[in-house]
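>>> Sharing a model prediction with you, sequence too.
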Amino acid sequence: MRISFAIAHQGAIREINRKQVDIDRLTTMLSSEKKLLSPSDDPDAWAAAMDLKQGLRAIETFENNIQFGLSWGNMTDLYLDRLSDLIMEATDIANSAITQGTDEEHAANVTMSEQIVKDALEIANAEYDGRYLFSGLADPSPSDLFTQDDATGAVTYNGDQGELKVRTGTNKTSIINLNGEDVFNYPADTPTTNILVELWSLREAIEAEDTSAIQTVLTNLDGALEHVQSQRSVLAVRLGDMKSQQEALDALSLSKANRLSELEAADTAELIILLQQKQTALEACLSATAMIDDLNLMDFL
Amino acid sequence: MAGLSLTLATAKSTLMNTQVQMQVTSNNIANAENTSYARQKAVLTTNLSIQTHAGWLGTGASVDSIIQMRDGYIEQSLLNSMSGESQYNTLTTQLTIAQASFSDDGSTGISQALGDFWDAWDTLVQNPEGITEQAVVYSATESLVQDIRATYDDLDALANTQLPEQMEGTTDEANSLLEQIAELNLQIMRNESSGYSANNLRDTRYQALKDLAEIVPIKFSQETNGSVTVSFSENGTSVTLVSGAQTNATPLQYNDGTGEVTFTAYDGGTTLTTDTVSGGELGGLMTAQDDIQDYMERLNEFTSTLIEQVNGIYNPTSDPAEPFVFTGSDAGDIAMSADFLDGLNSSELSDRALLISNLQDQEVSFTSSTTRFSDYLADIQSQIGSDIEDAETKVDYYEALRSELESQQQSVSGVSLDEEMVDLLKHQQVYQAAAKIINTTVEMLNTILDIS
């Protein structure tokens, strides 16, 4: 086979170009620390990486939602804890009022029961992040969520029974709220009274020094306390579920991030070795090209 | 009768022959780097002998012709490989541009905008009446709409403006080359009627054939009159584009409306209209246009399904009096409805936001598959990646094939400097020997003259 002058040089140029393209590609990988630079590098790996990125983004969203749910739940629990304290305080005041103390003691009991009614109403209208904690999904603004007629003790609830749900996993939602009707009306199965109404009734009975009425309210307050505790139990189960989900998501996130790194991240050591190989090959190419000129009969004539 | 004058005449013709050979060698060396040039060779033939008393006496040699070293079969194979390489190089380039238009690695582009869109609805669930949360929903929706439209517009400009312009340009270039080949045929036929090979014109024509093969796949056949017949075949139909000095005024015509190219025979007798060309830059451009239009259709399907699903949740009764999230029907005209969050109460917003956010985990029915929105997007990109990967593999194949055939073609037609140098030495020595003969003959003649 004859090797023409043009083909010898064309071959050399082609090989030099190829090596330079390879080196350029390896250099880009090294500087970006990524081995997947475009879908055409490895279409299947690219699709898998996209799926993993989507999964990681979704996990971040779930974790954000869980964090919101936990904060909401913890705040709800805090207010329910205060409500329990108020009920126990009201029970103590009721017991004190039954024993018929001095006028000063009576006046103090009236004042304290008055304060408890106000505090309980404040709890019922508690807000978190600009929203009523116990409004369900309704937004009664600018009205208060709970209003109470001071003369009759009648309570008006301006919320609904909506469940505030957030996404905590793929195709999984968690309810994070307790609505006002479920929290303040009791007993749970067939509600007949309301905690706010009972506390108002207690204040009225103490003010009227009606021991029989106080005794009735005392009995009802036992049920109220038990009801609040049961609502807290419901909340605790939900919070526990979200915490477990959070732990599972953390583990899943780590696993997906590792897999993504395997697919996408460049192995620097491997790339440097490959780069050195290509550099050596390019040097050999350049050297061979230089030798083409030397290997010419003209040099020997 | 032979004498010293015959010796002088023979030596003189040797000098003349050697000068021609030296010129041929010089011409070969001058064209050494031109791969369209076929090396030439001065062919010597022995002159007629004359009869003497001692027998038939040779009278030297003369240059009969200057021929080119060519192999038509290898040259045709080389043109085929050049067409293939050009087609897939063009395809790779255009699809790489389309791939960049998506500019989506999951952290940028439509995928990211889609993720932000779902996240915004998730956040709205937490506080449906919140001004910040609502602003985020509007912003994410607008970003998604803009990204989809920008990507679609880029692909649309590529497939329906830039590629047709390039196809128009390549068909014009092909027409010009066909005209050039016909003209060269005419000149070659005229020049060769005298019996001598029009080598330089043949080289120019071969260069034109190579340039043409890079645009459209062609076949050529050598005629006895020195011309070449150029034809194009597709789908079993063959059209002769150049015959002798004849070619149609516009042998290739690109139709912007249909995206087809019409090939018209040199005599206008046969026409072939096709939307696929299996080779050359034109073939690459046509395949790229088909592929990109396919990506656009898939992006359209993604968008129309997204619009349908999100609007279906947000306005389940399709009541025109109530707001929709999106307006438009596909990627070309998708837009965000103004203030679509107004008019719904907190409870309705919360419910619908949660349902819309849940869409990201649901498998939705597309023509090709039932899958999630994000997976469908990834699949479009994966398809672009696969198409580029396939084209690159074919480029590698045709590059290797072309390289091999070019080596073979050059083995026959290329200029080897070493070979030319050896020829040069040979011619030099023959020239020196002939000059020596003249010198000696002159001395002999002088001797004779001195006697007298």
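Great, that's in hand.
>>> Look at the closest residue to B:S197 other than its chain neighbours and give its secondary structure.
In space, and not counting its chain neighbours, B:S197 is closest to B:I67: 6.1 Å by CB to CB, 6 or more residues apart in numbering or on different chains. Where you see a C-beta, it was placed from the backbone N, CA and C, and this is true even at glycine. Secondary structure, DSSP: H, G, I helix; E, B strand; the rest coil: B:I67 is strand.
>>> which residues touch A:F68?
Neighbour list for A:F68: A:166, A:176, B:126 [criterion: CB atoms under 8 Å, 6 or more residues apart in numbering or on different chains].
>>> let me redo that: A:I59
With contact taken as CB under 8 Å, 6+ apart, A:I59 is in contact with A:249, A:252-253, A:256.
>>> 6 Å - rerun?
Residues in contact with A:I59 (CB atoms under 6 Å, 6 or more residues apart in numbering or on different chains) are A:249, A:253.
>>> Could you report the neighbour count for whichever residue of the stretch 1-150 of chain A sits closest to chain B?
Here the stretch 1-150 of chain A gets closest to chain B at one residue, A:S4, 2.4 Å apart by CB to the nearest CB. Residues lying near A:S4 (other CB atoms under 10 Å in any protein chain shown) number 25.
>>> okay, now the closest residue to B:E192 other than its chain neighbours: neighbour count?
Once flanking residues are discounted, B:E192 sits nearest to B:G226: 4.2 Å by CB to CB, 6+ apart. Using other CB under 10 Å, B:G226 is surrounded by 21 other residues.
>>> With A:G55 instead?
Neighbour tally, A:G55, other CB under 10 Å: 19.
>>> secondary structure element for it?
Assigning secondary structure by DSSP states H and E places A:G55 in helix A:43-98.
>>> Kindly report the same for B:F302.
In the assignment (DSSP H and E), B:F302 maps to helix B:280-314.
>>> Can you tell me which helices and strands that helix packs against?
Here helix B:280-314 touches helix B:72-102, helix B:131-157, helix B:163-192, helix B:346-358, helix B:373-413, going by 3 or more CB pairs under 6 Å, 6 or more residues apart in numbering or on different chains; DSSP states H and E.
>>> Could you dump the ones you listed into a markdown table with distance to B:N300 added?
Supplementary listing: the helices and strands packed on helix B:280-314 in a markdown table, determined by distance: least, CB to CB, whole Å:
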| stretch | distance to B:N300 |
| --- | --- |
| helix B:72-102 | 14 |
| helix B:131-157 | 8 |
| helix B:163-192 | 18 |
| helix B:346-358 | 21 |
| helix B:373-413 | 11 |
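>>> so A:Y157 bridges to which residues?
Per DSSP bridges, the residues bridged to A:Y157 are A:F146.
>>> do you know how far it is from chain B?
Remark: distance between A:Y157 and chain B (CB to the nearest CB, to the nearest Å) = 14 Å.
>>> Could I get the phi/psi values of the residue of the stretch 201-301 of chain A found nearest chain B?
Closest residue of the stretch 201-301 of chain A to chain B, CB to the nearest CB: A:L297 (4.1 Å). Main-chain dihedrals, A:L297, degrees, to the nearest 10: phi -60, psi -30.
>>> Below-threshold pLDDT in the stretch 251-400 of chain B: ranges please.
Residue ranges of the stretch 251-400 of chain B with pLDDT under 70: none are present.
>>> In it, which residue sits nearest chain A?
For the stretch 251-400 of chain B, CB to the nearest CB, closest residue to chain A: B:G385, 2.8 Å.
>>> If I look at the residue nearest to that residue when sequence neighbours are not counted, what pLDDT would I see?
Spatially, and ignoring its direct neighbours in sequence, B:G385 is nearest to A:P39 (2.8 Å; CB to CB, 6+ apart). We have a pLDDT of 91 for A:P39.
>>> Just list the residues touching A:P39, thanks.
By CB under 6 Å, 6+ apart, the contact list for A:P39 reads A:46, B:381, B:384-385.
>>> Need the max-distance pair from those.
Greatest spacing in the contacts of A:P39, by CB to CB: A:W46 and B:I384 (9.5 Å).
>>> just to revisit the earlier point, quickly list what the residue nearest to B:S197 is bridged to.
B:K41.
>>> gap between it and A:G162?
Separation of B:I67 from A:G162 (CB to CB, to the nearest Å) stands at 96 Å.
>>> Chain A contacts on chain B?
B:32-33, B:35, B:99, B:106, B:115, B:119, B:122, B:125-127, B:129, B:346-347, B:350, B:354, B:357, B:361, B:374, B:378, B:381-382, B:384-386, B:388-389, B:407, B:410-411, B:414-418, B:421 (CB under 6 Å from any CB of the partner chain).
>>> are any of these buried, and which?
Buried subset of the residues of chain B next to chain A (neighbour count, 16 or more other CB atoms under 10 Å in any protein chain shown): B:32, B:35, B:99, B:106, B:115, B:119, B:122, B:125-127, B:129, B:346-347, B:350, B:354, B:357, B:361, B:374, B:378, B:381-382, B:384-386, B:388-389, B:407, B:410-411, B:414-417, B:421.
>>> for the stretch 51-200 of chain A, which spans come out with low pLDDT?
Looking at the stretch 51-200 of chain A by pLDDT under 70, you get A:100.
>>> What residues does it have near chain B?
Contact residues, the stretch 51-200 of chain A versus chain B (CB under 6 Å from any CB): A:53-54, A:57, A:61, A:68, A:131, A:137-139, A:162, A:165-167, A:170-171.
>>> Mind doing that once more with 7 Å?
A:51, A:53-54, A:57, A:61, A:65, A:68, A:129-131, A:137-139, A:160, A:162, A:164-167, A:170-171, A:173 (CB under 7 Å from any CB of the partner chain).
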